[in-house]
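Asks: quick check, what structure comes out for this input:
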Amino acid sequence: MALGKIKADTLEHSTAGLVDTKFVVDGSAKAWTNFVGTGTAAINRSSNSSGLTDNGTGDYTVSFTTNLVDANFSFAMAANQTSTGTGMVTGDSGHQTTLTAGSIRWGFTGSSSNTITDVATGSVMVHGDLA
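Replies: Predicted coordinates:
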């Protein structure tokens, strides 16, 4: 089977107009992961995520299927401390955050303390350039 290519500088939607493909490529998340962080940590849904490691209480690593060019990427994370959505926690770059071209490691801290904590559901999104 021969592989083909589609080359386009713009995409056009029938009612939404035109968009330059550079915005699609540069503006899309290059990896994202939604996961369960308590008990046996596991990925619920993801894109370009090859695995989740539970490094200890509130400390997680997501590995990328396809590496980024380098560790100079942008990321965002959020989580709920309970399954009912209460107890919002935040990713805490002061505890564990380590960025490499192939993964991101971070810790979550509780909403009322600076104590690292497991999360019921968590998510991380990465923007950057793929290798």
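Asks: okay, helices next: where are they in the protein?
Replies: 21-27 (DSSP state H).
Asks: which regions of it sit below the pLDDT cut-off?
Replies: Along the chain, the model assigns pLDDT under 70 to residues 1-2, 83-96, 111-113.
Asks: just the strands from it, written as ranges.
Replies: 10-13, 17-20, 31-36, 42-47, 49-56, 59-64, 74-80, 88-92, 98-100, 103-109, 121-127 (DSSP state E).
Asks: what is the shortest one packed up against?
Replies: Spelled out, that is strand 98-100. strand 103-109 (3 or more C-beta pairs under 8 Å, 6 or more residues apart in numbering; DSSP states H and E). From N, CA and C alone the C-beta is placed, and that goes for glycine too.
Asks: go on, the second one?
Replies: The elements that strand 17-20 packs onto, with contact taken as 3+ C-beta pairs under 8 Å, 6+ apart, are strand 10-13.
Asks: how about JSON lines for the strands of the chain, with distance to residue 4 added?
Replies: JSON lines is the format used below for those (distance: least, C-beta to C-beta, whole Å):
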{"stretch": "strand 10-13", "distance to residue 4": "17"}
{"stretch": "strand 17-20", "distance to residue 4": "22"}
{"stretch": "strand 31-36", "distance to residue 4": "26"}
{"stretch": "strand 42-47", "distance to residue 4": "23"}
{"stretch": "strand 49-56", "distance to residue 4": "27"}
{"stretch": "strand 59-64", "distance to residue 4": "26"}
{"stretch": "strand 74-80", "distance to residue 4": "32"}
{"stretch": "strand 88-92", "distance to residue 4": "40"}
{"stretch": "strand 98-100", "distance to residue 4": "34"}
{"stretch": "strand 103-109", "distance to residue 4": "32"}
{"stretch": "strand 121-127", "distance to residue 4": "28"}
